[in-house]
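> Prediction below, plus the sequence it came from.
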Amino acid sequence: MSNDEEKSEKKKRKSALDSFRKKHVGQVIERRVTPNGTYINEPIVHVFCNVCAAEFIGPAREAGGFLGGHQCLHAWEFQRQQGEDNGLTA
């Protein structure tokens, strides 16, 4: 594969990862290479935040980050409402 073909293939993969829709849920990404490592047989999932109803469709790894980020954010919001000081700042 030439350098131009390789760049084109990477661009196609990146654009595919940027545009997941509900129709993709349940499909599996056979191999996904990131700066952090290689993911093999990673499912595309659809998750949502139980608190604010925000939704995410994409690779399972990023879905975990989405949910974990929302969990942390909402825990912080609830603590602020209750006047607790846990050392985190706005």
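Everything's here; your move.

> Regarding the chain, what is its longest strand?
For the chain, the strand that runs over the most residues, judged by DSSP state E, is strand 37-48.

> Give the pairing partners of it; include direction for each.
In the sheet, strand 37-48 lines up against strand 28-34 (antiparallel), strand 55-59 (antiparallel) (DSSP bridges).

> closest one to residue 80 among the ones you listed?
strand 55-59 (24.1 Å; CB to CB). From N, CA and C alone the C-beta is placed, and that goes for glycine too.

> Excluding covalently adjacent residues, which one is nearest to the residue nearest to the spatial centre of the chain?
Nearest to the geometric centre of the chain sits residue 62, at 2.3 Å (CA atoms, centre = their mean). Excluding its sequence neighbours, the residue lying closest to residue 62 (CB to CB, 6 or more residues apart in numbering) is residue 56, at 7.1 Å.

> wait, doesn't that neighbour sit right on residue 68?
No. Using CB atoms under 8 Å as the test, residue 56 is too far from residue 68 to be in contact (11.3 Å).
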